[in-house]
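Engineer: sequence unknown, structure follows:
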């Protein structure tokens, strides 16, 4: 495989039960959506210029896999970590997620140089939000 110096884009695909409710949930968290990749079956949530989350209704998601969709009430399909610009932003995002209908996943964790907290979205996907101060990282 050839190597490239061009940054790769990542598209994470997640199944959702109610696309409209999911879109409203993540809009409250400050995310925007790319209408070019959004319709009645999917929406493209922009994380950055290089990272996107495709939120697909379950029926559409099943078009891409032969496996069953994970029951997030019983199992964790993955941990999706998002960086924040401060500890305050971490707290604000988690509190906003809870107010918008999400639920707490894990208690806040403070490792000195890194602070994180997490929540489950409306479909039970586990989101880790964290702030890392590289200047305070142990050497």
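Structural biologist: Everything's here; your move. Treat the numbers as computed from the prediction; the structure is a model and nothing was measured. Numbers count the residues shown, from 1 in each chain.
Engineer: mind listing what's buried in stretch 19-38?
Structural biologist: Of the residues in stretch 19-38, 19, 22, 23, 25, 26, 29, 33, 38 count as buried by neighbour count, 16 or more other CB atoms under 10 Å. Just so you know, the C-beta spots here come from the backbone N, C-alpha and C atoms, and that holds for glycine as well.
Engineer: oops, could you answer that again for stretch 75-85 instead?
Structural biologist: 80, 82, 84.
Engineer: ditto for stretch 86-103
Structural biologist: Neighbour counts over stretch 86-103 (16+ other CB under 10 Å) mark 87, 89, 90, 91, 93, 94, 97, 100, 102 as buried.
Engineer: about what we covered before: if we take the buried residues of stretch 19-38, which one ends up nearest to residue 112?
Structural biologist: Residue 112 has its nearest neighbour among those in residue 29, at 26.2 Å by CB to CB.
Engineer: which residues in this protein form strands?
Structural biologist: Assigned by DSSP state E, the chain shows strands spanning 10-16, 32-33, 42-46, 51-57, 79-83, 103-104, 109-110, 114-120, 126-132.
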